[in-house]
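Student: Fold the stuff below for me.
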Amino acid sequence: MSADQDNSQRRPRYLALAEEISRAVAEGAYAVGTLLPSEAELCDRHRVSRHTVRESLRVLQEMGLVARHQGLGTRITAATAPARYVLAMDAIPDLWEYVKNTELKVVRSKLVKARDALTPLPGDQIASWRLLEAVRYMKSGEPIAWKQVYIDARYDVVSGAIGKRTVPIYSLIEQRYGVKTQKVRQEISAIAIPPDAARALAVKRGSSGLAILRHYVSTDERVFEVTMSLYPANRFRYSVELNLERGNGRSLAS
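Tutor: Sure, this is the predicted structure:
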């Protein structure tokens, strides 16, 4: 099985269906101003549940492609949606897909003490970290994220390769120093985008955004990389599918 096939199988079905319908709209299979087939017809045509269809229509509506009217159906309102990056993730390897499909440009680099970091860092507060401030772009050239990346100064050599290779930063550290990444701790919160990030992202200062804080943890339980990424609300969607674990360890698929 190829990596693309594996990624497709792990992606939530409703997202795959939303992408399929949006592609059909863009290609003219459904004309702007007309109604999409009914939910029942979409279920039969794509062999999915009504819940999957409704979730995919919700995504299409939030993308600005359709409008849903009670008793009338779902009307196509646009052939293409405003640029937005959709990240569907349920495992560390999905970070590779994200990096592969975007570009990172470093705008500032310096050594700092943990106590002076804008993002709280773990461990000894007088320890040194390499701070990289960067902007991540879509392939179209539109900025989607302003980032602060902190790397344990013991691994500083890799900083010169960041932005030049389309691999995750944690992977550069693994390759160069033999560190093994065991897990990534992640926190997501709503924010008002600060001035520096607003300028880099070409959005209004204080506008709504999404902040994703990640701690990369090695097999010896040591944090060696910390990233804070800020995204404008209208350019990014983070999608996670959760499975309910039964007592026997089996997952109840959605």
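Student: would you list every one of the strands in the stretch 1-150 of the chain?
Tutor: 66-69, 73-76, 85-88, 102-113, 128-138, 143-152 (DSSP state E, counting those that start in this stretch).
Student: Which strands and helices lie in contact with the last one?
Tutor: Based on contacts counted as 3 or more Cβ pairs under 8 Å, 6 or more residues apart in numbering; DSSP states H and E, the elements that strand 143-152 packs against are strand 102-113, strand 128-138, helix 169-177, helix 195-201, strand 223-232. For the C-beta atoms, the positions are set from N, CA and C on the backbone; glycine is no exception.
Student: Between strand 102-113 and it, find me the angle.
Tutor: Angle, strand 143-152 to strand 102-113, by axes from the mean of the first three to the mean of the last three Cα atoms, to 10 degrees: 40 degrees.
Student: oh, and call the first residue 103 from now on, that's how I've got it
Tutor: Fine by me, first position is 103 from now on; the one you just mentioned is strand 245-254.
Student: before we move on, the earlier item: I'd like the strands of the stretch 103-252 of the chain as JSON lines, with mean pLDDT appended.
Tutor: Below are the strands of the stretch 103-252 of the chain laid out as JSON lines (pLDDT from 0 to 100):
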{"stretch": "strand 168-171", "mean pLDDT": "87"}
{"stretch": "strand 175-178", "mean pLDDT": "92"}
{"stretch": "strand 187-190", "mean pLDDT": "50"}
{"stretch": "strand 204-215", "mean pLDDT": "94"}
{"stretch": "strand 230-240", "mean pLDDT": "94"}
{"stretch": "strand 245-254", "mean pLDDT": "95"}
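Student: closest to E141 out of those?
Tutor: Closest approach to E141 among the strands of the stretch 103-252 of the chain (Cβ to Cβ): strand 175-178, 8.3 Å.
Student: Quick one: list the elements packing against that closest one.
Tutor: Strand 175-178 packs on helix 152-164, strand 168-171, going by 3+ Cβ pairs under 8 Å, 6+ apart.
Student: got a list of contacts for the first one?
Tutor: It refers to helix 152-164. Contact with helix 152-164 is made by 114-117, 119-120, 123-124, 138, 141-142, 144-145, 148, 168-170, 176, 339, 356, as judged by Cβ atoms under 8 Å, 6 or more residues apart in numbering.
Student: Could I get the helices and strands packed on strand 245-254 in TSV, plus columns for distance to D254 and mean neighbour count?
Tutor: Converted to TSV, those look like this (distance: least, Cβ to Cβ, whole Å; neighbours: other Cβ atoms under 10 Å):
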stretch	distance to D254	mean neighbour count
strand 204-215	11	14
strand 230-240	6	20
helix 271-279	8	19
helix 297-303	24	18
strand 325-334	5	22
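Student: So which of the ones you listed is nearest G311?
Tutor: strand 325-334 (5.4 Å).
Student: Mind giving me the packing neighbours of whichever helix or strand comes after the closest one?
Tutor: Moving toward the C-terminus from strand 325-334, the next helix or strand (DSSP states H and E) is strand 338-341. Using 3+ Cβ pairs under 8 Å, 6+ apart, the elements in contact with strand 338-341 are strand 187-190, strand 310-320.
Student: so what strands line up beside strand 338-341?
Tutor: strand 187-190 (parallel) (DSSP bridges).
Student: In TSV, list the strands of the stretch 103-252 of the chain along with distance to P224.
Tutor: Putting the strands of the stretch 103-252 of the chain into TSV (distance: least, Cβ to Cβ, whole Å) gives the following:
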stretch	distance to P224
strand 168-171	45
strand 175-178	48
strand 187-190	25
strand 204-215	13
strand 230-240	10
strand 245-254	10
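Student: Out of these, the one nearest P222 is which?
Tutor: The minimum distance between P222 and those falls on strand 245-254, with 10.1 Å, by Cβ to Cβ.
Student: Quick check: buried residues in the closest one?
Tutor: P245, I246, A247, W248, K249, Q250, V251, Y252, I253, D254 (16 or more other Cβ atoms under 10 Å).
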